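Chemist: structure of the sequence below:
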Amino acid sequence: MHSALNRAQAVFGFFTTVALFVAGFAALSVLLFPTDNVTAEVSLKDVKVIKGRPHYYSTKKEEYAQMRFDLDADLSPLFNWNTKQLFVYVYATYSSSDKTSETSLTPQSQAIIWDSIIEAPESPYSFANLRERFFPSKSKSVSSRKRSSSTNKKTGSSSSKKEVTPGVIRLRDQKSKYQISDITGRMAERTNVTLSVGWNVQPWVGALWWAPGTGAVPRTEGNTGTSKAFDLPALKGSKPKTEGQKTAAV
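Modeler: So this is what the prediction gives:
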């Protein structure tokens with residue numbers, strides 16, 4: 001006869017084996033969800049370069065850029081039953097050199113100017129929803145009755161407004177959360193700057209999935225929506241350089 005401890009160890013070992021198998025199946029199941037119809041478009045609205053202290057802990061004044069942009073994105077295909085939350089960000093790509101004589105071999109720098117976390121909608125089969133469904137609390141049941149009686153008098157348009165598809169983003173003239181600065185302290189009149197959209201899918205179990213073009217693996221499919229190239233303006237309050245001054249500086 002096996003002792004109680006041996007039986008408990010056998011049950012625990014069987015439980016961990018089943019849990020590992022279910023976790024592996026959940027991690028691999030995301031491959032069945034296509035993400036090629038993910039779309040994102042970003043465009044610049046306004047940009048300015050200011051000289052000051054970009055952070056409260058900055059010890060000296062330096063040039064930094066502030067931007068405003070429009071963002072239209074449909075990231076709803078990235079949400080599946082294994083998605084916990086989605087990290088979305090907009091980043092700027094610009095030349096690492098502040099010289100006017102830039103070449104194709106000049107390295108590029110990237111800096112995030114805006115980000116947001118979108119949580120996946122709670123499943124109707126979650127523990128909290130099931131507990132509230134089968135064992136509702138008295139205070140919530142009374143309040144739910146009052147709400148149901150008041151909502152019955154209203155039209156069904158209000159209920160449709162509450163249904164929001166996760167991952168659909170519409171931003172207009174959005175101010176960047178973070179400004180762009182450089183180790184040289186100079187940002188004015190840099191050329192060939194672009195904005196792009198990136199994301200990171202954070203699942204309940206499994207690997208993190210990144211947007212295409214980020215260089216990280218594994219990557220999802222979809223359009224990251226790179227904007228048209230633009231140039232950073234001259235420092236606010238200063239006169240832009242002329243062509244003769246640029247060539248002389250070179």
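Chemist: near the closest residue to Asn82 other than its chain neighbours, how many other residues are there?
Modeler: Once flanking residues are discounted, Asn82 sits nearest to Pro203: 4.7 Å by C-beta to C-beta, 6 or more residues apart in numbering. The way it works is simple: take the backbone N, C-alpha and C, and place the C-beta from them, glycine included. Taking other C-beta atoms under 10 Å as the criterion, the count of residues near Pro203 is 19.
Chemist: mind listing what Pro203 touches?
Modeler: For Pro203, the contacting residues are Ala26, Ala27, Val30, Asn82, Thr83, Lys84, Trp209, by C-beta atoms under 8 Å, 6 or more residues apart in numbering.
Chemist: what of Val168?
Modeler: Val168 touches Ala73, Asp74, Leu75, Ser76, counting by C-beta under 8 Å, 6+ apart.
Chemist: with just CA atoms, put stretch 107-120 into CSV.
Modeler: Written as CSV, here are the backbone C-alpha positions of stretch 107-120 (Å, rounded to 0.1, in the frame of the first residue of the first chain):
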residue,chain,number,x,y,z
PRO,A,107,23.3,54.9,-38.1
GLN,A,108,19.7,55.6,-37.2
SER,A,109,18.3,56.3,-33.7
GLN,A,110,14.9,55.4,-32.5
ALA,A,111,12.9,57.0,-29.6
ILE,A,112,9.4,56.4,-28.3
ILE,A,113,7.2,59.5,-28.3
TRP,A,114,3.9,57.9,-27.2
ASP,A,115,2.7,54.6,-25.7
SER,A,116,-0.3,53.0,-24.2
ILE,A,117,-1.4,49.7,-22.6
ILE,A,118,-4.7,48.1,-23.8
GLU,A,119,-6.0,45.4,-21.6
ALA,A,120,-7.9,42.5,-23.1
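Chemist: any chance of the backbone angles for Phe26?
Modeler: Small correction: residue 26 is Ala, not Phe. When read as degrees, to the nearest 10, the backbone of Ala26 gives phi -70, psi -40.
Chemist: what's the local residue count around Thr194?
Modeler: By the criterion of other C-beta under 10 Å, Thr194 has 17 neighbours.
Chemist: quick one: strands adjacent to the helix or strand hosting it?
Modeler: Element membership for Thr194, per DSSP states H and E: strand 194-203. Using DSSP bridges, strand 194-203 pairs in its sheet with strand 83-95 (antiparallel), strand 209-210 (antiparallel).
Chemist: now tell me what touches the shortest one from outside.
Modeler: Pointing back at strand 209-210 there. Contacts of strand 209-210 (C-beta under 8 Å, 6+ apart): Val30, Leu78, Gly198, Trp199, Asn200, Val201, Pro203, Ala216, Val217, Pro218, Arg219, Thr220.
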